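In: Dropping a prediction and its sequence here:
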Amino acid sequence: MIRWSAKFLMPLLAAPCLLAGACSKPTEEQASGGAPPPIPGPTPAADTPTAEPPIDPGVAATLREFAGALHDAAATIAGDSPRVARDRAGVRMSRHGAIIDAAAEVVEWTCVKPDDRAEAAGLGRISLAREVWARSFLSCFEFDRPFALWSNGSFAVLEIPARLRKGLEPRDYPYPVWHSSDLWRAWHTAVAIRFVLSGDTVVESQIVSADTAAASLPAAPQWDGRWTWADERGAAQPRAAQIAYVLSPDNPHVRPIDRAYQRLAEEFQTRGCLACHQPDNRAGTRAAHVLGSPALAVALRSKLVDALDSSGDDSTADSRCTLRTLAQGETAGELRRLLEQFRTECDHAFEYESIYIIRPEEYPDRPWRDQPASLPPP
Ligand code: HEC
């Protein structure tokens, strides 16, 4: 593991672009390909100490690799339709060890303004399983160069110029971002994605939106109050919020996760959980914890089970949360089984991706070879 290190005391003077070759790259790239100019990082606030903690060279190297991987994974192959290009980018991103391994298991996603500090709550903050973050969210953007890297007190921040892909249809968004006109604007005026690290791990990514009040935006779809819907052929939409979208087609855990989720979704519906646990975050917590669509609920897989176990005491989440009602009533045993199944199948599914798909060469004795649906012995 790479950690902050006191050995590297070269002060990083609150300015972005001092590490990672990010200062030399702009000139090269602008000369060759006319890449857009670097996006400056936030102006330090008056109370910002001039000498921020240095960024560990190991972390900087990891981030260089991460930024390069995102840029390459997002690239569109000539002739690809917007939809194919996005799907291809999502597959590449979620299969790239340098991207997935850089992130915490749960990553928060939010929208900020260029001058916001790294800790800003931002707009539409939502928590995501990292695999969903890579496959369904990051893939909506195209990444450019050069990136900027700076330290903001206790956080390292990597900012990569980015813009929303053109031609996304409602079913391609990971959830209906048009439910809020501010959010729609933020996605469509993205100029960069900022990655905030705790130690050497990406814990958050922020859409950085240009302050372009007059920018002409594509017309937002009419918001009809539905977070999910079925298309004319009966397929669950948005497709980017489905388990099958997030995992590889041969992952044996897709159907078990879906089955467990469908049963849980009925319970979430009848028990009123979705009044608070949707992307509009009516409970008003710092981040939305979404239960209303399968891919977004994956981020809560462990917390649902943990909370069930501590449901007798007051440590469970927030007193407004009715989670503890799950542990009561006739169906409690069945619900526990389903919640555990949902968590376990998700964990196994991501392990499968990690072993079979992301780095098969490191696992010559692939444990699933003969038993596709089961886990290797501990
Ligand atoms: C009235 C609003 C409301 C309802 C209804 C509600 N919750 Fe919550 N829930 C909250 C709040 C507030 C939190 C605290 C979130 C935080 O601290 O970020 C929370 C947190 C949670 C968490 C995360 C716990 C943790 O450790 O962070 C889970 C899981 C959860 N709720 C599940 C449920 C389920 C399942 C239901 C339905 C049985 C439900 N909630 C109903 C408001 C609600």
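Out: Cool, the structure landed.

In: so what's the closest residue to residue 133 other than its chain neighbours bridging to?
Out: Spatial nearest neighbour of residue 133, chain neighbours left out: residue 107 (4.7 Å); criterion: CB to CB, 6 or more residues apart in numbering. (Glycine included, C-beta is placed from N, CA and C.) Each beta-bridge partner of residue 107 is listed here, defined by DSSP bridges: residue 128.

In: Please name the residues that touch residue 107.
Out: Residues in contact with residue 107, defined by CB atoms under 8 Å, 6 or more residues apart in numbering, are 127-130, 133, 202-205.

In: what do you get if the cut-off is 6 Å, keeping everything else the same?
Out: By CB atoms under 6 Å, 6 or more residues apart in numbering, the contact set of residue 107 is 128, 130, 133.

In: now, which of these sits nearest residue 177?
Out: Here the nearest of the contacts of residue 107 to residue 177, counting by CB to CB, is residue 128; it sits at 13.6 Å.

In: From the ligand, how far off is the residue nearest to residue 133?
Out: Residue 107 is 15 Å from the ligand, where distance means CB to the nearest ligand atom, to the nearest Å.

In: Residue 113 now?
Out: From residue 113 over to the ligand (counting by CB to the nearest ligand atom), the distance is 23 Å.

In: again with residue 151
Out: When residue 151 is compared with the ligand (using CB to the nearest ligand atom), they lie 27 Å apart.

In: so that residue makes contact with residue 55?
Out: Yes. Proximity of residue 151 to residue 55 meets the contact threshold set by CB atoms under 6 Å, at 5.2 Å.

In: okay, and the common contacts of these two?
Out: With CB under 6 Å, 6+ apart, residue 151 and residue 55 have no common neighbours.

In: What about residue 141? Give its phi and psi, please.
Out: phi -120, psi 150 (degrees, to the nearest 10).

In: and the residue lying closest to it once chain neighbours are set aside, what element?
Out: With CB to CB, 6+ apart as the criterion, residue 141 has its nearest non-adjacent residue at 4.4 Å, and that residue is residue 162. The secondary structure element spanning residue 162 is strand 155-164 (assigned by DSSP states H and E).

In: Who are the packing partners of that strand?
Out: Here strand 155-164 touches helix 57-74, strand 141-143, strand 148-152, strand 190-198, going by 3 or more CB pairs under 6 Å, 6 or more residues apart in numbering; DSSP states H and E.

In: can you give me the strands for the stretch 201-350 of the chain?
Out: Taking DSSP state E, counting those that start in this stretch to define them, one finds strands in the stretch 201-350 of the chain at 201-209, 229-230, 236-237.

In: what about residue 286, how many neighbours?
Out: Using other CB atoms under 10 Å, residue 286 has 12 neighbouring residues.

In: How about the one 3 residues further on?
Out: Neighbour count of residue 289, defined by other CB under 10 Å: 24.

In: Give me the distance between it and the ligand.
Out: Note on residue 289: its distance to the ligand, by CB to the nearest ligand atom, is 5 Å.

In: Go through the strands of the stretch 201-350 of the chain and pick out the most buried.
Out: Among those, judged by mean count of other CB atoms under 10 Å, the one packed with the most neighbours on average is strand 201-209 (a mean of 23).

In: Residue 327 contacts residue 307, doesn't it?
Out: No. The criterion here is CB under 6 Å, and residue 327 misses it with residue 307 at 8.7 Å.
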